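Undergrad: pasting the sequence and the predicted coordinates here, then a few questions.
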Amino acid sequence: MSLILVSLFCVFGIWLDGCSKSTSIDVRSPEIVVTPTSLDFSARALGNPPQQKLLVKNVGGGNLSFTATNSSSWLTLNPILIDTIFVNVLSESLEPGTYYDTIEIIDPDAVNSPQYVPVTLEVRNALTVVSDSLHFMAASGGANPDSQYIRISGVAGGQIHFDLASAAGWLTLSHVSGQTPDSIQIDADITGLPTGIHRDSVVITSPDLPSERVVVTCVLVINSWELRNSGVLASVNLRGVAFRNSQAGWISGVIPSTTEVGTVYKTVNGGESWTLALRSDYR
């Protein structure tokens, strides 16, 4: 340790015992240590990864007063505190690929200034579907509901291999693998199923994107009566069905032309007609 020893003496012409003293002054320069020494970010297309941070420490003498800069517009350093740099990545407008930048940390008085922290960003393509839920409805003992479709594509376009799987035996898929863009036909078979609400999911994964997983929920409602009033069905996005017997029941949903206002309709004649339900109807 480099020290300057400064002797202090009494100067009144008389040497006094114990008058001579010494004090230590640290004249070392600051020395920068940054952790971690590199940063790696990973983001889905059209998304941003979580914020990370750098810790900046002075292991030398004096006071460390640093600045930090970088060159790429997708990388921002904010805020920069006395010993911490918060690093943010704005990748939502970037095409899939790998991007690089370097954070430069400078203190002109530090013995090892500047320090460099390499930054790597990987933007990966992602799977997307037009709808993340499917609703099937059928009458007990009647025909199977109409087929529905899942449209699968890449967020940033291109071809992505995918696999599909479902658990319930009543749900069938036209094919269980392919590559984007593609449409999958989904069918519900009510054979042998009781009345009520049945749920399953179609899970979409990709060998090209190991961390990618898209889930499409599927709901099958089997009524003891048939919903015949197309006017009601056309104006409500159905969310659920309940029934007491072969004649009385309710449908619930939201009105899409409004700000997702919930509504409930009732029937007392097996679905021949529907009226807006009142609170007293639930008793």
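TA: Okay, I see it. Numbers count the residues shown, from 1 in each chain.

Undergrad: how many other residues sit next to Ala277?
TA: 16 (other Cβ atoms under 10 Å). C-beta here means a position set from N, CA and C on the backbone, and glycine is covered the same way.

Undergrad: residue closest to the middle of this protein?
TA: Gly47 (7.8 Å; Cα atoms, centre = their mean).

Undergrad: hmm, that residue is touching Ser91, no?
TA: Yes - assessed by Cβ atoms under 8 Å, Gly47 is found in contact with Ser91 at 7.0 Å.

Undergrad: contact partners for the closest residue to Gly178 other than its chain neighbours?
TA: In space, and not counting its chain neighbours, Gly178 is closest to Phe162: 6.2 Å by Cβ to Cβ, 6 or more residues apart in numbering. Counting by Cβ atoms under 8 Å, 6 or more residues apart in numbering, Phe162 makes contact with 127, 152, 177-180, 182, 204-206.

Undergrad: redo those as TSV? Include pLDDT, distance to Ile190 and neighbour count.
TA: Below are the contacts of Phe162 laid out as TSV (pLDDT from 0 to 100; distance: Cβ to Cβ, whole Å; neighbours: other Cβ atoms under 10 Å):
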residue	pLDDT	distance to Ile190	neighbour count
Leu127	94	29	21
Ile152	96	26	23
Ser177	96	26	14
Gly178	96	27	17
Gln179	95	32	14
Thr180	96	31	20
Asp182	96	27	16
Ile204	97	24	20
Thr205	97	28	17
Ser206	96	31	22
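
Undergrad: adding secondary structure, write those residues out as TSV.
TA: Conversion of those to TSV gives the following (DSSP: H, G, I helix; E, B strand; the rest coil):
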residue	secondary structure
Leu127	strand
Ile152	strand
Ser177	strand
Gly178	strand
Gln179	strand
Thr180	coil
Asp182	strand
Ile204	strand
Thr205	strand
Ser206	coil
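
Undergrad: follow-up on the earlier one: SS state for the residue nearest to the centre of the chain?
TA: Per three-state DSSP, Gly47 ends up coil.

Undergrad: can you list phi and psi of it for me?
TA: phi -130, psi 170 (degrees, to the nearest 10).

Undergrad: check Ala165 too.
TA: phi -150, psi 150.

Undergrad: tell me who's in contact with it.
TA: Contact partners of Ala165, counting by Cβ under 8 Å, 6+ apart, are 176, 202-203, 205.

Undergrad: same thing but at 7 Å, please
TA: 176, 203 (Cβ atoms under 7 Å, 6 or more residues apart in numbering).
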